[in-house]
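# Whatever this is, show me its structure:
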Amino acid sequence: MSACICYWYLISIIIFVKIYKDAMKTITHQPFLEEVVGYLNRSHRPNTALVIVPNQLSMEYCGFVCHKAKWQAGCTTLHQLMRSHSKLTLLSTWALLRRLYASVGPISQEPFEQFARWGRILLEDFNAIDSYLIDGVALFESLYKQRTREARCHQGPLDAFKKVRSLPLWKEKESMGFWEQLPLLYASFREGLIREGKGYEGLCYSMAQPLPEIRNQALVFVGFNRLMPVEAEFIKQCQAMASTAFFWDTDPHYLDNLVNIAGHYLRQHREKKWFQSGFSPATYFNDPGKKVFLTEVPTSVAQVQAVVAALAEKTDEGKPRFLPSQTAIVVSGSDLLIPLFDQLADRSIPLHCRVSYPFHATVIYCIVERLVQLWESFVAGQEAIYTHMAAVWVLWDPFAAETAQGAAMRPPLDGRMLRSLFDPWLHQEGLLAYLQAGLTYMYGHFIETDRLFWVVNKTALRHLLSYIEGLIAEMADCSIAFFLHGLKSSNMPFHIDHPATGLYIIDVAESYNLDFENVFFLGMNEGCFPKRTHQDSFLPYDLCYSFGLPLADKVAEQQTAYGFYRLLQRAQNIYGYYVQKNHLDAAGEISRLWTQLTFDSQLNIITAHHSLQLLDRPIAPIVIQKSDAVMQLLNRFLAASSRLTPAALIAYLSCPLQFYFRYVLQLKQKAKGDSEMVQLGTLFHDVMARLYQPFVDMQVDTSRVMQLKGQVHSKIEEAMAASHTPIGAPLLLRALLEKLVTAMLDLDGAEAPFTLLGVEVAMQQSMALDGERKVWLGGVVDRIDRRHHVIRMIDYKTGLSNGKVGPIASLFDPTKIQKNKAIFQLFFYAWLFHSLHGADLHQSIMPYLIHIRELFLKDYTPGIFQSDHGTHYHRIEDMQAYLQPFETGLKALLLELFNPVLPFVQTADLTICAYCPYVRICQRD
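So this is what the prediction gives:
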């Protein structure tokens, strides 16, 4: 019996040793944290010891190491310790901005949303001032004096405001008043928070003082690098009250090299008496056993693929060449996290990470955008909102089809279930409450899984709900634009917890106290590593320097350098990757840190080139069958509330699948507000409508057109002021608009008199498909007038278009529709007008296409022209002979569209794909 017990005890020891060895982050050299904990254990430190580390990632591994060593010490971060000893409670950013807005009110008369954009910058300045224990009042007084001197020297007191583009451009007197009030604003805002017992981070930390109970603890500070003055002061106070010990994770290779910025902060600490203990003379950096590889890759994705391929490699014994528990992938910033997570999503590799992930790169962001669009439709009173809302779940189909997850995410959506499901969402008071109700429902139906894709999106849901909760508490009436802008630019904290067995994914600046046998550095390009940083501030560089405030780019550079060199200390297999061409803001050069490594170390660096291996994998065509569900969505055009426009029919002729995405699923893209040509066309149409709207049903003669020329400038200003999109190069756009509108009025003056029948005329008519069904068609004509007993259907085109047509059948030819779009549109309007008014109409209908660009050409003639089967073209003066052939072709097109047997397929013309917003879905980009 005793032999059996001894046997099983021996087996358990062997298993423990194996697990312990596999959990070791480095094999050749003992990890720094294990080295520290082992020393403390051997020196009989009391179990009341508290290990203090720089960040949460370090704390997680420290807790694991202490537990493994059976050392019952506590572990915390410095900021957690300081908050627990502060007299103030940390407030959320939104709550702080509300209080700051109340203080700024007398200086700035503007809505909270406008203030929030620059108020956040001012709040960050306050935080930096207190974190560095600087006299903020004196600093802002100096800033005011500097601005006053600049104003006297005519150097422009608004320079700082121009650098911070979100700030209002106040008049000179008002701006100088703002600078003058800043010292008082800082002091009063700070004092008000202290009276309330609240604060921002820097203020909370500046008010932190060790409480008496800290005397009973042994404080062990492990692995720090940069310490802000407020942190150093707190540590100094702790040292005066309690037993303290310091362990600095460094190597003489860079610590003693005065030109190496990796040791910048540590050399400063070594000069202070209370920090001098704990600097070890041991060096591992130039270990001759290290293997260092630098690989050039063609794209950023290629380096990610190379790393993931390396992780899949096996030894001759069939074991992983790189054990996840001994390996780290290191990035600088969040740019490469998206392709990295994408590549790791289908790998069964345990991960451990605590990173900042871009929220806009998640499916949840796409869903919330769609939910916001549906809310706008609901507020506008659209009847089909319930059917449209069900389409939100389509976003999940590519990711959750035929899985239990997909079944959970798609509730029953038939018949009466629609209203019972969506009414609780839509009848909330306000956008945020509606989103909170809908997203809480989704979160409650999220199945627990360890698949990376789903973990990322569940984290995104959690982040989104927290973001909405903060907004509801402080500004529940925020605008949609403000909500989406803040959400899109936000990063979410993302955490996966496998500290003992996981592959670590870490930001180089957050890698304190972590050591690995194998380290992969991604994005080793200048500008990416260190990550190029920019921080908006009211404080100019010269004042920051003179008062002791560091520059953000210098801090980032020094922290990245320390993280890079520190990770190299104990690692044995080091792999660096850089992109050979411009990508992600990289200039194509190797990072200065890697270049420095080649000169200041004795390491043998092996260079290589990695070619991108493209898989010759055929892309399956996308075919959407017209199932009952699809036909139900399509059949909304059989009701008068929806209509098929010329643009929709042109989309179907160009590519049936594009029509399906845009008009059936309604996966609409954002308006191209940043396109100058789109803006020009939109504004031109708006100006012409504003000029002619007062003269509908009136005769317009030459004298009236001359009067309109005098109103061009004012109407352009009205149209630009009413524009919903930011206008780029407004001065140039004004001048161009004035020139084009004037040229159009010159044409109208030459053709006057005419009777104006309408501008921006909306028309709608049904067409019978068969005995039971009729489809609704409609559109908006730019202008309709009557000249010499001819009714002209006028369409302005500011872009390039064709005005020559062949046989009518060519208008329904998918291979020619791109060329004939403008003609198809005008024929459609002429047919629509005739079908509405034909019985009472005894006048000709003329399609009148005006190419605005060609108005400046000599002998330009507007209209649509048809060949006489030779080289000569004549202008179409009357649509009568073309209406019946066009109606025949139109009905055949609609019968094809509504035929349930014919699926929606992709176009064979790849040139159309070049400008299609859905090209990535088809993988034709």
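# all helices of the stretch 151-300 of the chain, in order?
159-163, 172-196, 201-206, 229-241, 252-255, 264-270, 300-311 (DSSP state H, counting those that start in this stretch).
# Where does pLDDT dip in the stretch 601-750 of the chain?
611-617, 668-676, 724-730 (pLDDT under 70).
# ok, back up a step: nearest to Glu854 among the helices of the stretch 151-300 of the chain would be which one?
helix 159-163 (40.3 Å; Cβ to Cβ). (Each C-beta comes from the backbone N, C-alpha and C, glycine too.)
# hang on, the earlier thing: quickly compare the helices of the stretch 151-300 of the chain and say which is most buried.
helix 201-206 (a mean of 24; mean count of other Cβ atoms under 10 Å).
# what's the spacing between that one and its chain's center?
Relative to its parent chain, helix 201-206 has a centroid offset of 30 Å by Cα atoms, centre = their mean, to the nearest Å.
# want to throw the helices of the stretch 151-300 of the chain into TSV with distance to Leu435 and mean pLDDT?
Converted to TSV, these look like this (distance: least, Cβ to Cβ, whole Å; pLDDT from 0 to 100):
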stretch	distance to Leu435	mean pLDDT
helix 159-163	34	41
helix 172-196	30	84
helix 201-206	29	96
helix 229-241	38	93
helix 252-255	49	94
helix 264-270	44	94
helix 300-311	33	89
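# ok but Leu667 is inside a strand, no?
No - with DSSP: H, G, I helix; E, B strand; the rest coil as the criterion, Leu667 is located in coil rather than a strand.
# Any idea how many residues pack against it?
17 (other Cβ atoms under 10 Å).
# Likewise for Leu227?
Neighbours of Leu227 using other Cβ under 10 Å come to 19.
# can you redo the helices of the stretch 151-300 of the chain as CSV with distance to Asp686?
Formatted as CSV, the helices of the stretch 151-300 of the chain follow (distance: least, Cβ to Cβ, whole Å):
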stretch, distance to Asp686
helix 159-163, 30
helix 172-196, 33
helix 201-206, 48
helix 229-241, 55
helix 252-255, 63
helix 264-270, 58
helix 300-311, 42
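# closest to Gln217 out of those helices?
It's helix 229-241; of the helices of the stretch 151-300 of the chain, that one is closest to Gln217 (Cβ to Cβ) at 9.3 Å.
# tell me what that closest one is packed against?
Applying 3 or more Cβ pairs under 8 Å, 6 or more residues apart in numbering; DSSP states H and E, one finds that helix 229-241 contacts helix 78-84, helix 112-131, helix 201-206.
# contacts for the longest one?
By Cβ atoms under 8 Å, 6 or more residues apart in numbering, the residues outside helix 112-131 that reach it are 93, 96-98, 100-101, 104, 108, 136, 139, 164, 166-168, 186, 189-190, 200-203, 205-206, 228-230, 475, 478-479, 482, 535-539, 549.
# same check, this time on the shortest one
The contact list for helix 201-206, computed with Cβ under 8 Å, 6+ apart, reads 79, 82-83, 86, 88-90, 126-131, 133, 190, 193-194, 228, 230-231, 234.
# that older thread, just the buried residues of the contacts of helix 112-131.
For those, a burial check counting by 16 or more other Cβ atoms under 10 Å picks out 96-98, 100-101, 104, 108, 136, 139, 167-168, 186, 189-190, 200-203, 205-206, 228, 230, 475, 478, 482, 536-539, 549.
# which ones are touching Leu543?
Leu139, Ser142, Leu143, Gln146, Leu549.
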